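Engineer: All I have is the shape, not the residue letters:
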């Protein structure tokens, strides 16, 4: 067996373990009886350890070195590049630092679970500080190894090849543009007709029926996928076994419906990866920015297009038994295009969302640069929230402690949400330019023109290219803000 | 770390992998979308391979040898004995023979799936012959290694320490006793009142409600367990995560209900194993005969006792809305105690069931001894069926091809069903002798007296002893037929 083939065999094994973990995670969130949690944690820990041992087998370095002299085709070469990247990341950090980070993360999330409802940031701060110190230590090691900045080292595990300069440019552009744009949109909406919420409650079984009907419209492959209920919507499962979840609110059917469309976007990206490379790193989805582009393209670009909403409303009326003025298509479109500054990121609309992310990005960079102390985060948070969105949290529960990301050590992760939103707009714009049948298709509930383009240009590409190469090859442009700005201008000001 | 502790660590890992497999298997049977089967097979194969590599690591032999000189307590010593047994079994057979068996089993089950509905034993025969030849080769190797007969080598992986002489004695006794006993029971039943089936259909949601109510009565731990629907009832899941399944027949609610009670018996045995030893071989359930004793004790001994049926009938009447003569308790008791010779083992009652098993046992031994050719199996089967039960299959579909066990290579497995039935009766008899509160408890739907005894004498014992030692310690007698014969005489002739 060649060294390259040995590496493929290693990753085939890792892929099987990851697929097993995927089903176990789905089960954990949807099916597992609560009393089984402790035993399950042991199983999960052991599966992680097995993967870690495989990933840090010292023979892999030799195989990689040998394989680099082998004659490989384009996919194999890209696979080797990804294998090397994963190996370097898995082996860069000393085991004792990994262990200390696991402990610190555990303490920090536990503190957060108590501190958030008690609005007591002081309880969280020391734990967060300890975790951040270790994360910075890790970033420093990786920064030296890869010749990048510490913050880039934090970003790269979620979005390989991402540079600070590029994120700065994109976020500075948005931070300059969005606050004023937001005021224009708010003024315009205030002058428009009053919005009417369709009156609930909407029984959960009917909401589920509607979700499934919309999933059928979106060509969700039910023969190799499922829809279930979980506390938080997610897309998971295993290769060729696409499991999405949602949760239903009795009073608002659109919340779960749009979550379903979002998760279908993630799931179809996974499902569209090249069949013959799925067990290899090059057959993986291309990390978080591209993944979020695929969910947001379906949810925000296609799913909230007037064309598609016009197709959905009669289905929803039919299944939920809606009628009257609240159910007029124009009203529903306006409800789906409602913009409103709010304190909580996960409820934000597509105009205000990037400002939430930019706030976190700036604070993360300030912490890494030692420009701010953890104790001063709440004040900085509130000031920036007021500056960007014109509102100020009354408690840290709704401010700096709203997300679990920092207590979980997810630093450098937030940017991918909004870079994904930029990519979604840019990819959708390119797709419509290349394929004029997309919007007429959406108007009729026909996603084939859109998905044909996505399959060819995004889904089938796996990790053949780095994220930005993939986006540039698909759209003809480097990742930027132009398409997003044009799309929101067209949607909210025209 | 001592050699013994290294062995414990190895088995902790194996236990985690087996628990992962347990959840994946449950998912496969209950939740998995059909199109995911091929991908899942790859995951399962890789998990098996990882376990095989761990089990055949040559260092284990050294650790076992070292550990045998360590100072171990009773549980550790029993654990080491089990570890050694598992190691010897996993390493006895050369890898190429294992591989050929996997292939032969795959071909044989595929042939069976076609041959059975087509009533075409000739199509199955050559595949079965090939598989049996390999299984005999395997048995020969193990027989020499362990100093036992080839048929004992086949039995031991399902029932360690089981001797042919003992099975011969038990089955000869039953084969001499049961056919005449059966005729007496049939005569007596024919002279009794006519049976009336409660008229269905019984909606599946109400049947499920009844199942859950009965599971509550049986103290099933729903906080660490589930009930779901699958094509075949089974008890599975993971340590501390007890998942049972059933299937509902619209016309007959008792079929699924008794299946649920049976599977609860399996699940409670798993759930009652010693908490601190669960990740170790000594903490496993004590193989198939003892496992079947626990399901049959609950289904056949306790569950079909007149006391317990009298408690169940009002619950069933209430939930299913039953009334009239069919729902009289005496009629339901008679229905649950109905004996009728039939061609199909899985539908057999407790009187005729052992005869189905003895038939397979005798044929398996004849094949191993080269006393019969595979081609002659159908005739031998039909003749013995006529001799034992007085009925003769009209097709091999209902005869020699009814079970998947042989095509799957499960030779030496059938005896455990009826040895389990003998053990169930013997254990239940001993429990009632030791604990007079058991039957009054069952009459009130209180299983605590019974389960207190089972927890102390069976469930908590794990693999501390070999199966027959366990049974003898719990009941005061070697495994035999006396309790079973007395129980069926009391139930069917008094």
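Structural biologist: Looks like it arrived, so ask away. These figures come from a predicted structure and were not determined experimentally. Numbers count the residues shown, from 1 in each chain, chains lettered A, B, ... in the order given.

Engineer: does residue A:158 count as helix, strand or coil?
Structural biologist: coil (DSSP: H, G, I helix; E, B strand; the rest coil).

Engineer: Based on its surroundings, how many neighbours for residue A:7?
Structural biologist: Neighbour count for residue A:7, taken as other Cβ atoms under 10 Å in any protein chain shown: 25. In this view, the C-beta of every residue, glycine as well, is placed from N, C-alpha and C.

Engineer: Apologies, that question was intended for residue A:333.
Structural biologist: Using other Cβ under 10 Å: residue A:333 sits among 17 other residues.

Engineer: host element of residue A:161?
Structural biologist: Under the criterion DSSP states H and E, no helix or strand holds residue A:161.

Engineer: Next, the closest residue to it other than its chain neighbours: phi, psi?
Structural biologist: Once flanking residues are discounted, residue A:161 sits nearest to residue A:466: 4.3 Å by Cβ to Cβ, 6 or more residues apart in numbering or on different chains. Phi and psi for residue A:466, reported as degrees, to the nearest 10, are phi -70, psi 160.

Engineer: mind listing what residue A:466 touches?
Structural biologist: A:160, A:161, A:286 (Cβ atoms under 8 Å, 6 or more residues apart in numbering or on different chains).

Engineer: For residue A:313, state which of those is nearest.
Structural biologist: residue A:286 (34.0 Å; Cβ to Cβ).

Engineer: give the contact list for the closest one.
Structural biologist: Counted by Cβ under 8 Å, 6+ apart, residue A:286 has contacts A:461, A:462, A:463, A:465, A:466, A:467, A:470.

Engineer: element containing the residue most central in space within chain A, please.
Structural biologist: The centroid of chain A falls nearest to residue A:292 when counting by Cα atoms, centre = their mean (4.1 Å). Per DSSP H and E: residue A:292 is located in helix A:287-296.

Engineer: elements contacting the helix or strand just after that helix?
Structural biologist: Per DSSP H and E, the first helix or strand lying C-terminal to helix A:287-296 is helix A:306-320. If you count contacts as 3 or more Cβ pairs under 8 Å, 6 or more residues apart in numbering or on different chains; DSSP states H and E, helix A:306-320 packs onto helix A:204-217, helix A:253-271, helix A:329-336, helix A:438-443.

Engineer: Now render the ones you listed as TSV, adding distance to residue A:146 and mean pLDDT.
Structural biologist: As requested, these are arranged in TSV below (distance: least, Cβ to Cβ, whole Å; pLDDT from 0 to 100):
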stretch	distance to residue A:146	mean pLDDT
helix A:204-217	41	98
helix A:253-271	27	97
helix A:329-336	42	96
helix A:438-443	39	98
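
Engineer: most tightly surrounded among those?
Structural biologist: helix A:253-271 (a mean of 24; mean count of other Cβ atoms under 10 Å in any protein chain shown).

Engineer: Is there contact, residue-wise, from that helix to chain B?
Structural biologist: No - Helix A:253-271 stays clear of chain B (Cβ under 8 Å from any Cβ of the partner chain), getting no nearer than 10.3 Å.

Engineer: would you turn the helices and strands packed on helix A:306-320 into CSV with distance to residue B:237?
Structural biologist: Shown next, in CSV, are those (distance: least, Cβ to Cβ, whole Å):
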stretch, distance to residue B:237
helix A:204-217, 26
helix A:253-271, 26
helix A:329-336, 42
helix A:438-443, 44
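
Engineer: Determine which of the ones you listed approaches residue A:490 most closely.
Structural biologist: That would be, of the helices and strands packed on helix A:306-320 and by Cβ to Cβ, helix A:438-443, which comes in at 12.3 Å.

Engineer: which residues sit against whichever helix or strand comes after the closest one?
Structural biologist: Counting by DSSP H and E, the next helix or strand C-terminal to helix A:438-443 is helix A:448-457. Identification of contacts with helix A:448-457 by Cβ under 8 Å, 6+ apart yields A:219, A:268, A:272, A:294, A:297, A:302, A:427, A:430-431, A:434-435, A:437-438, A:440-442, A:473-474.

Engineer: Going by distance to chain B, which of the contacts of residue A:466 wins?
Structural biologist: residue A:286 (20.5 Å; Cβ to the nearest Cβ).

Engineer: for the residue in the stretch 251-400 of chain A positioned nearest to chain B, what are its contacts?
Structural biologist: Proximity of the stretch 251-400 of chain A to chain B (Cβ to the nearest Cβ) peaks at residue A:279, 7.7 Å away. Contacts for residue A:279 (Cβ under 8 Å, 6+ apart) come out as A:11, A:12, A:15, A:16, A:239, B:42.

Engineer: can you list the contacts of residue A:466 in TSV and add distance to residue B:355 and pLDDT?
Structural biologist: What follows is the contacts of residue A:466, written out as TSV (distance: Cβ to Cβ, whole Å; pLDDT from 0 to 100):
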residue	distance to residue B:355	pLDDT
A:160	67	96
A:161	71	95
A:286	63	97
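
Engineer: quick one: which helix or strand includes residue A:245?
Structural biologist: Residue A:245 belongs to strand A:241-246, assigned by DSSP H and E.
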